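Novice: Mind folding the following:
(chains A and B)
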Amino acid sequence: MKERLLSQGIRCPLYRGQRGPITFATSIYGVENLVSLIIENPDLAARFRDAILRTMLEIARVLDEEAGYTPETAPRGFGFADDNCCLLRPDMYEFFGYPVLKGMFDRYSPAPEDLRHQHSDSAMGHHLPTLAKVHLNSANFGPTLTVSEIREHLPRAVIAGQLAPFTYCRNEEENIVLEFLRDFDMARQHRGLLFATAGSVNNGTRLTSMRLAMAAIQRFGRY
Amino acid sequence: MSVHVPHRPEHLAMARQLLAETRAHDGLAPVDLEQFWADQEIATRDPFGPDIPQVPLGAILTGECVYDELGIEEDCRRYEEDAGWRLELNIAFNDLAERITANPGGSSNAPTTRTNSQPCSTESTRATFAPSSSRKDGTT
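Specialist: Next up, the predicted model:
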């Protein structure tokens, strides 16, 4: 595979992003099964969690080496996409999710400026205290969270949000502007807002809506 | 709850004024495109920057949005597997994007709407700090 890629002028891909540990685990084992496992057999759940972390670290190491990097020269930064994290209680996420995030960030994002990103466009505000412990510097969370709420826990994170994806893809013009004004109000003091959807940009979203967001920024969103 | 935060009365007036101007311009919101993208380039470098002129925009449209914009039925699988069709859609979409959202000066630093190569992905780490420039082949 490596030779085939190189012969086509394609560099070996690096591994710097991954479905988050809860989405990953529930995909493998099932939502109810994972919840039950953590509650009823935490030792086995811990083995599962540790296997996930160990495997992620190994995938990254192997691909780094194949790409010709050493631990010292390998590009830094890592990001997770973990929509399903909302399904766990905070104590369960702390037990199962936090060690995986910490392990990957410790290895690939050791410096404060190295990317530590999490996307979870679900109602996962109950995990903000845990995510604060891994010092995220980039966050893209769901539309039930506010900029103020995220900022309280993640003081150094660029907040990509908090325009509701359904507001955008339904082209609700008035709400697009209102949601920007709301977010700018909350971000004005500390900055760090990247006005984006709190989740995906979906089919249905029109270019005229994007232009409207641009106009709202230009008219009302100047520092 | 973010989506349930009530708007302020003055915000409603501001929004309605902007929308009135938008409708008066055939549905195109009033924006100085050249200035916007110049400011965007500065703002995206560091959204915390003390000297950034405006909030950076991350709600950049992607390849997921080509269908509705072009008035065709969504077909993610074909878009992913049929390179010729994808190219055709991306060119048509980017032609519209250049008219609606792009810098008329055409600076390489002023992106039109990006169409990415993985339109059906639900993994959204795509809110980038520095959106890539539009490319006619639809890659990023």
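
Novice: and the closest residue to chain B within chain A, what are its bridge partners?
Specialist: Nearest residue of chain A to chain B, counting by CB to the nearest CB: residue A:196, 3.0 Å away. Where you see a C-beta, it was placed from the backbone N, CA and C, and this is true even at glycine. For residue A:196, the residues forming beta bridges with it (DSSP bridges) are residue A:162.

Novice: Surely it is in contact with residue B:62?
Specialist: No. Using CB atoms under 8 Å, residue A:196 and residue B:62 do not qualify as a contacting pair, with a distance of 11.6 Å.

Novice: who has more neighbours, the two?
Specialist: The neighbour comparison of residue A:196 against residue B:62 (other CB atoms under 10 Å in any protein chain shown) goes to residue A:196, with 27 against 23.

Novice: which residue sits closest to residue A:223 in space, ignoring its chain neighbours?
Specialist: Leaving aside its chain neighbours, residue A:223 sits nearest to residue B:52 (6.2 Å; criterion: CB to CB, 6 or more residues apart in numbering or on different chains).

Novice: And residue A:189, which helix or strand is it part of?
Specialist: Using DSSP states H and E, residue A:189 sits within no helix or strand.

Novice: For it, report the pLDDT, please.
Specialist: On pLDDT, residue A:189 comes in at 93.

Novice: Leaving out the residues flanking it, which one is nearest to residue A:127?
Specialist: Closest to residue A:127 by CB to CB, 6+ apart is residue A:93, at 5.2 Å.

Novice: Equivalent analysis for residue A:204, please.
Specialist: Residue A:204 sits nearest to residue A:169 (CB to CB, 6+ apart), 3.7 Å away.

Novice: which SS class is residue A:118?
Specialist: strand (DSSP: H, G, I helix; E, B strand; the rest coil).

Novice: For it, give the beta-bridge partners.
Specialist: Bridge pairing for residue A:118 - DSSP bridges - gives residue A:80, residue A:139.

Novice: Could I get the pLDDT score of the residue of chain A closest to chain B?
Specialist: For residue A:196, pLDDT reads 98.

Novice: need the contact list for it.
Specialist: Shown in contact with residue A:196 (CB atoms under 8 Å, 6 or more residues apart in numbering or on different chains): A:140, A:160-161, A:163, B:57-59, B:127.

Novice: cool, residue A:151 as well?
Specialist: Residue A:151 neighbours (CB under 8 Å, 6+ apart): A:157, A:159, A:186-187, A:190, A:192.

Novice: swap in residue A:122?
Specialist: A:83-86, A:142.

Novice: By neighbour count, which of those residues wins?
Specialist: Neighbour counts for those peak at residue A:85, which has 26 neighbours (criterion: other CB under 10 Å).
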